[in-house]
Structure formats: C-alpha cells, structure tokens
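Chemist: Provide a 3D model corresponding to the input given below.
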Amino acid sequence: MNVAAGETCDDDNTVSGDGCDAACQSEVCTDTLSTPFNENNGFDGNMFDVVVLQPVTIDSFDVNCDGTNDLEIYYKTGTWVGSEGDPGSWTLIGSVSGVVCNPTDTPTPLDLDLNLTLGGGQTVAFYVTTTGGSINYTNGTAVGATVAQDTHLQILEGWGGGYPFGSSNTPRVWNGTIVYCR
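Modeler: Next comes the predicted model:
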C-alpha cells in the first residue's frame, strides 16, 4: 500500500518495502512521549537512555532551554553509562542553530528530520546538548529509573553535564519530548 505524504501511515506492519515505510519517512510524525517540564537545575546538556519497546522512527525532539542556543543531538546503541566522557562512542545525528527558546518549562521544538529507525527490544542513548547555553532538567532519584513510558518507548533518568562530554551530574531527568513515527 502506498501512502501519500501527509496521510496517515499506521498499518502496524514492520515489513520493509511495503510502501508504507517510505511514505512514513515523508510525512509529519505525530507520536510523542514527554518527560515532565519542571526544571529545578540545568547545564549544557543531558544524556539519557531510551528503551525501544516496539519499532519506531525518531524524527525530532522538543527541549526545555533558556535563551538562544545552538544544539546538537548525539546517539549511541546501548546505554550512556560508561560513555559520558567518550565522544568516540557517540554519533552526531542532528544539529540546529539559533534556536530561540520558549519560556522555561515550555517545550521548544527543534524541528529536526532525524529519520532514525530503531528496532524493538533495544536500548539507545541520546545526548541532547547546547554548544553555549543552557538545557533545563530536573534532579532525579536513580539513574535508569523510568521517567516516562508509552507502548513504544521508555525514557530513563540519566546524566546532566558540560559540553562537550564534560563534567557529569547524576541522576538527572531530561525535560523533553521525543517526536516519533510508528
């Protein structure tokens, strides 16, 4: 089944090449999972793990930030734990310049087109960071504790720290939204 851009593509079929996959890549992703936007701390960025419960394609992120920022998004397969100071473990998957942040505790969309397809049953780590500004986050309770979950994803507590791959503070709760397609 071929689906035109802008139409819903949710046949729940994970078979590649069924026509729906390509159409999904050209449509606007509307599925989201958010952590609370209730900052009480902040620094240059956050690392956090995402457990993929069912296959998804990550499209973009919304963040809780201050001022005007240039942001970078990194990811790696597996957990961030043990890789927080190792830039060679990470892949830069997106960046955006001149983001004018909404008021504190209000989502700021990054409007990326990451098209990062992830299979169910895997854990991936993300590092959402600013190159010269502030990402707001919340003090956590335990690294790896579940902060938010739906039927497709779990977002876990992680790390807050300096850019790039600098000093670390744990546990920290990323204040953000993952925008994805199913």
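
Chemist: Check which residues of the strand or helix carrying Ile155 are buried.
Modeler: Using DSSP states H and E, Ile155 sits within strand 153-156. For strand 153-156, the neighbour count (16 or more other C-beta atoms under 10 Å) marks Leu153, Gln154, Ile155, Leu156 as buried. Yep, even glycine has a C-beta here, placed from its N, CA and C like the rest.

Chemist: cool, and stretch 157-165?
Modeler: By neighbour count on 16+ other C-beta under 10 Å, the buried set for stretch 157-165 is Glu157, Gly158, Trp159, Gly160, Gly161, Tyr163, Phe165.

Chemist: helix/strand/coil for the last one?
Modeler: The three-state assignment at Phe165 reads coil, by DSSP: H, G, I helix; E, B strand; the rest coil.

Chemist: Quick check: Ile155 vs Val96, distance?
Modeler: For Ile155, the distance to Val96 equals 20 Å [C-beta to C-beta, to the nearest Å].

Chemist: which residues of the protein score low on pLDDT?
Modeler: 1-27 (pLDDT under 70).

Chemist: can you map out the helices along it?
Modeler: 20-26 (DSSP state H).

Chemist: for the buried residues of strand 153-156, which one is nearest Arg182?
Modeler: Leu153 (10.3 Å; C-beta to C-beta).

Chemist: Which residue, other than its chain neighbours, is closest to that closest one?
Modeler: Distances taken as C-beta to C-beta, 6 or more residues apart in numbering put Leu33 closest to Leu153, at 5.1 Å, once the chain neighbours are dropped.
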